[in-house]
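Student: My questions concern the predicted model and sequence given below.
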Amino acid sequence: MARQRGVYDRDAFIGWSDDQRAARLHLVANLARFLICPWVRIKFLASSILSQVARQLPRDWEARYAYRVALLETFVESNRFDGTSFRAANWSCVGETVGRGKRDRLHNRPTTSFKSVWVYPLNPRFREVLCAPDHPARGRS
């Protein structure tokens with residue numbers, strides 16, 4: 001099954017194969033929603049919140065699921081937003097999707113908006129963790 005270009009871009013950034021991706025995708029957490037309403041004007045609010053998330057999430061995730069995630073990812077609608085808050089919080093833009101959502105089973109035309117793919121490593125050795133040949137299976141320590 002074909003994957004979105006942005007996912008390939010993320011995979012290339014990480015350096016993992018399809019098999020490694022299948023075995024270790026659970027070590028990547030997706031920040032699905034992040035919005036600060038335009039009328040809220042607090043200097044550095046977005047980068048402060050993203051920094052707190054990056055510090056707290058690995059501990060909370062480990063307490064709940066008994067393992068730590070190695071990388072955060074999010075998708076930003078390219079036609080509406082520039083990803084300025086993520087850039088300010090030291091996230092990296094690693095590519096763009098081709099506009100196909102996860103419900104596009106035929107993979108033949110755009111069905112959603114194009115999104116830029118942003119990542120934030122939670123572990124300085126995230127590539128080693130995500131590409132390790134003998135990483136334990138999901139949910140095991």
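Tutor: Received the coordinates, thanks.
Student: Just say helix, strand or coil for the residue nearest the centre of the chain.
Tutor: Nearest to the mean C-alpha position of the chain, counting by Cα atoms, centre = their mean, stands residue 73 at 1.1 Å. On the three-state scheme (DSSP: H, G, I helix; E, B strand; the rest coil), residue 73 is labelled strand.
Student: How about it: what's its closest non-neighbour residue?
Tutor: residue 119 (5.0 Å; Cβ to Cβ, 6 or more residues apart in numbering). (Glycine included, C-beta is placed from N, CA and C.)
Student: Now the residue of the chain most remote from its centre: which helix or strand?
Tutor: Distance from the C-alpha centroid of the chain peaks at residue 39, with 26.8 Å (Cα atoms, centre = their mean). Per DSSP states H and E: residue 39 is located in neither a helix nor a strand.
Student: and it, what are its phi and psi?
Tutor: Dihedral angles of residue 39 (phi, psi; degrees, to the nearest 10) stand at phi -80, psi -10.
Student: ditto for the one 4 residues further on
Tutor: Note on residue 43: its backbone torsions stand at phi -60, psi 130 [degrees, to the nearest 10].
Student: got a list of what the residue nearest to the centre of the chain touches?
Tutor: Neighbour list for residue 73: 10, 28-31, 117-120 [criterion: Cβ atoms under 8 Å, 6 or more residues apart in numbering].
Student: Check residue 62 too.
Tutor: The neighbours of residue 62, taking Cβ under 8 Å, 6+ apart as the test, are residue 68.
Student: would you say it is within a strand?
Tutor: No: according to three-state DSSP, residue 62 belongs to no strand; its state is helix.
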